[in-house]
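Visitor: got a sequence here, can you build the structure:
(chains A and B)
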Amino acid sequence: MSETLLDVRNLKKYFKTSRGLLHAVDDISFSLDRNKTLGLVGESGCGKTTTGRAVLRLIEPTSGEILFEGKDICKLSANEMRKQRKDMQIIFQDPFSSLDPKKTINQIISEPISENKIIRDKRKREDRVLELMETVGLAERLINTYPHELDGGRRQRIGIARALAMEPKLIVCDEPVSALDVSIQAQILNLLKELQEKMGLTYIFITHDLSVVNHFSDEIMIMYLGQIVEKAPTEELFTNPIHPYTKALLSAIPIPSLSEKRQRISLKGEITSPINLPDECRFAPRCYECVDHCRSGIPPLVEVNPGHFVACFEHV
Amino acid sequence: MTNQEANEIILNIRNLKVRYETQDGVVKAVNGVDLTLRKKRTLGLVGETGAGKTTTALAIMRLVPNPPGVVECDKLEIGGQDILSLPEHKLEHVRGNDVSMIFQDPMTALNPVFTVGDQIAESLEIHEHLSVKDAKERAGDMLELVGIPRERANEYPHQFSGGMKQRVVIAIALACNPQLLLADEPTTALDVTIQAQVLELMNELKEKYDTSMIMITHDLGCVAEVCDEVAVMYAGRIVEEGTLEDVFNRTMHPYTEGLFNSLPNIKDRKAKLKPIKGLMPDPTNLPVGCSFAPRCNYATDACLIAQPQLRSISQTHRIACTAYDNPEFHIERRIL
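Guide: You can find the predicted model right below:
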């Protein structure tokens, strides 16, 4: 069994809009090893959620290859893809809207099991649901309750149990804790980490919260306007950030400590529209280190240190 | 505090209680809160969902909907003026003029069918009795103040991004130069780089206008950036309050400790998170003793019997925790 679980090559996802082509994900390539966590970070509209969904083919990529265990899943038929999805699951951001309000916990968690005809016997299926509930720390007595009766943290646990039901290899976690309070957030992060160790899971962890991703990921990929601007092992990224956008992001994290007073890099303006983008560095309009040749084309992603990739004309 | 002006008390609340009488029972949202805020100071009101932070702010503005909300309070003064006894029509002079509020969600706080210029000008026309033309002029100034070109005054909210909308909301709140600004999670809906911009702007404007501010947030990072004082709320009560240094560096209450331990440490990424076990108590059915006792690692039998009262540790630092009856008691948290 090879170490690489997922290998994404030149993934693109464009949306047609009335004003032109929206470049949600614009030619990104990355790979992910088994039992590792890749943190996908960026601001709203940078394409991180689209990337997460395109990797699972929940939205059809415009072009590119997605090799899962060496097999290009973009070439699979609908039926084959359905089988393939057992290995690839997703946990959604909003535990309020991602659960069917008319179904009990039992029905929600058992749905993938019965749909995929994994356990046909109803009794045994319920046993499996109880087992999954225990895994994620939900009390047995809640099995027949409805989502609205539960708080956000418990609902997110249901979402996790549902994703685990298929014993997947890869889970895309799309902002799994951003709707939760800090004390509950820590409970869920610890749970996800335990599950990873126990079951050998591989995560793509999408978030805008850099302190969470620092704690949680082995590797971090920073996105801006549909492209990867920097990718590095977590420690390396935090100690030696190279791209101006990464530096600005890191300096903007509010730190809950008084001993740490940092020099903040304040970015001008906001993320520009991803429609009909000019052929230049995407970050150039906001960049505080921008020079003339930054406008001459799109900078390629170059390896500067082992495992550390940067897309910037100035710093490579 | 050296000069006398700085000692001036802007906000004085004694024993504020708010309950919502619903069909499912009485929700005790705020249960006896005392707050004092001096001129030019910024207080961070910290706590999780359901702690009663927003209800406290609404009560200060006398905006708690009734029914179902019932407000009881011994004293509520803003700039020395008793707000409790004011009739509704006089309250309009206070709101927007003496106190104004920045709401959490800039997407819904603005009226979609009026231009942002009109929305800023509105409060100036009402409170400062400016002519339409003058108010428009001032609205343009306010926009520039928050970093938006004045030409955009004639645009509608949907033409602005989230961060820009929040700037407009801040411009409205500051238009009449209020003594007290209540900011309810002003940056929660924004991206980090935009959050940094908005926090910077708020700090700047506070300086410039000598405004006192209460910043409601669940983000201790934002508190460290903006506030001078902190009050930590849990289940409708203040459990710890003091200066920024008191609460961050001399933390005493187990709940405050729990909040800090739940946050990932940016300097030590391998450190395991220590979440607070369990959940917030049901506000319709609060425990008899300390509300935090069922989740507290240090709780003893004494904690379950009676509600702890706030006690002074130093001139500025107060906590409500029974465990400190034992002089030997201390929490584990150490400041790095």
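Visitor: my read is B:Leu143 is in a helix, agree?
Guide: Yes: the assignment for B:Leu143 by DSSP: H, G, I helix; E, B strand; the rest coil puts it in a helix.
Visitor: for chain B, what is the nearest residue in chain A?
Guide: Scanning chain A for proximity to chain B using Cβ to the nearest Cβ identifies A:Pro254 as nearest, at 2.8 Å. C-beta here means a position set from N, CA and C on the backbone, and glycine is covered the same way.
Visitor: so that residue touches B:Ala224, yeah?
Guide: Yes: in terms of Cβ atoms under 8 Å, A:Pro254 counts as a neighbour of B:Ala224; the distance is 6.6 Å.
Visitor: coming back round to it: can you tell me the closest non-neighbouring residue to the residue of chain A closest to chain B?
Guide: In space, not counting the residues next to it along the chain, A:Pro254 is nearest to B:Gly221; the distance is 2.8 Å by Cβ to Cβ, 6 or more residues apart in numbering or on different chains.
Visitor: what's around the one you found, how many residues?
Guide: The burial metric for B:Gly221, expressed as a neighbour count using other Cβ atoms under 10 Å in any protein chain shown, is 19.
Visitor: hang on, it in a strand?
Guide: No: counting by three-state DSSP, one finds B:Gly221 to be helix, located in no strand.
Visitor: so what's A:Ala54 up against?
Guide: Taking Cβ atoms under 8 Å, 6 or more residues apart in numbering or on different chains, we find A:Ala54 in contact with A:11, A:13, A:25, A:60-61, A:66.
Visitor: in terms of secondary structure, what does the helix or strand containing A:Val212 contact?
Guide: Assignment of secondary structure by DSSP states H and E places A:Val212 within helix A:210-216. Under the contact criterion of 3 or more Cβ pairs under 8 Å, 6 or more residues apart in numbering or on different chains; DSSP states H and E, the helices and strands touching helix A:210-216 comprise strand A:37-41, helix A:182-199, strand A:202-207, helix A:234-239.
Visitor: switch to 10 Å and redo it
Guide: Of the remaining helices and strands, those touching helix A:210-216 by 3 or more Cβ pairs under 10 Å, 6 or more residues apart in numbering or on different chains; DSSP states H and E are strand A:37-41, helix A:182-199, strand A:202-207, strand A:219-224, helix A:234-239, helix A:244-252.
Visitor: shaky segments in the stretch 51-200 of chain B?
Guide: Counting by pLDDT under 70, the stretch 51-200 of chain B has no low-confidence residues at all.
Visitor: what does it put close to chain A?
Guide: Among all residues of the stretch 51-200 of chain B, those adjacent to chain A (criterion: Cβ under 10 Å from any Cβ of the partner chain) are B:51, B:147, B:161-164, B:187, B:189-197, B:199-200.
Visitor: which of those count as buried?
Guide: A residue is treated as buried here by neighbour count (16 or more other Cβ atoms under 10 Å in any protein chain shown); on that basis the buried members of these are B:51, B:147, B:161-164, B:187, B:189-197, B:199-200.
Visitor: nearest to chain A: which residue in chain B?
Guide: Among all residues of chain B, B:Gly221 sits closest to chain A, at 2.8 Å; criterion: Cβ to the nearest Cβ.
Visitor: what sits against that residue?
Guide: B:Gly221 makes contacts with A:211, A:253-257, B:192, B:195, B:199, B:263, B:266, as judged by Cβ atoms under 10 Å, 6 or more residues apart in numbering or on different chains.
Visitor: again with B:Ala224
Guide: Counting by Cβ under 10 Å, 6+ apart, B:Ala224 touches A:254-261, B:44, B:230, B:244, B:247-248.
Visitor: apply 8 Å and report the result again.
Guide: Shown here is B:Ala224, whose contacts under the criterion Cβ under 8 Å, 6+ apart are A:254-258, B:244, B:248.
Visitor: do the same with A:Tyr146
Guide: The neighbours of A:Tyr146, taking Cβ under 8 Å, 6+ apart as the test, are A:101-105.
Visitor: neighbour-wise, which of the residues you listed leads?
Guide: Ranking the contacts of A:Tyr146 using other Cβ under 10 Å puts A:Ile105 first, with 26 neighbours.
Visitor: near chain B, which residues of the stretch 101-250 of chain A?
Guide: Proximity of the stretch 101-250 of chain A to chain B is confined to A:151-153, A:181-187, A:189-190, A:208, A:210-212, A:214-216, A:234-235, A:238, A:248-249 under the rule Cβ under 8 Å from any Cβ of the partner chain.
Visitor: so for residue 308, what's the pLDDT?
Guide: Picking chain A for this. At A:His308 the predicted local confidence, pLDDT, stands at 96.
Visitor: please refer instead to chain B.
Guide: Per-residue confidence for B:Pro308 comes out at a pLDDT of 94.
Visitor: before we move on, what about B:Pro287?
Guide: So, for B:Pro287, pLDDT stands at 90.
Visitor: list phi and psi for it.
Guide: Phi and psi for B:Pro287, reported as degrees, to the nearest 10, are phi -60, psi 160.
Visitor: quick one, what contacts it?
Guide: With Cβ under 8 Å, 6+ apart as the criterion, the residues that contact B:Pro287 are B:281, B:293-294, B:304.
Visitor: and B:Thr2, what pLDDT?
Guide: According to the predicted model, the pLDDT of B:Thr2 comes to 46.
Visitor: next: A:Leu130.
Guide: Model confidence at A:Leu130, given as pLDDT, is 94.
Visitor: so for stretch A:220-237, what gets flagged as buried?
Guide: Here stretch A:220-237 shows A:220-232, A:234, A:236-237 as buried, counting by 16+ other Cβ under 10 Å.
Visitor: cool, stretch B:165-184 as well?
Guide: B:165-176, B:178-184.
Visitor: and that stretch, how far apart are its ends?
Guide: Across stretch B:165-184, the straight-line distance between its terminal residues is 15 Å, by Cα to Cα, to the nearest Å.
Visitor: over to stretch A:60-76?
Guide: With Cα to Cα as the measure, stretch A:60-76 spans 12 Å from end to end.
Visitor: rewinding a little: need the contacts of A:Ala54 in a markdown table (columns: neighbour count, secondary structure and pLDDT).
Guide: Supplementary listing: the contacts of A:Ala54 in a markdown table, determined by neighbours: other Cβ atoms under 10 Å in any protein chain shown; DSSP: H, G, I helix; E, B strand; the rest coil; pLDDT from 0 to 100:
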| residue | neighbour count | secondary structure | pLDDT |
| --- | --- | --- | --- |
| A:Leu11 | 23 | strand | 96 |
| A:Lys13 | 22 | strand | 95 |
| A:Val25 | 31 | strand | 94 |
| A:Glu60 | 9 | coil | 94 |
| A:Pro61 | 22 | coil | 95 |
| A:Ile66 | 21 | strand | 96 |
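Visitor: what subset of these is also close to chain B?
Guide: Counting by Cβ under 8 Å from any Cβ, no member of the contacts of A:Ala54 is near chain B.
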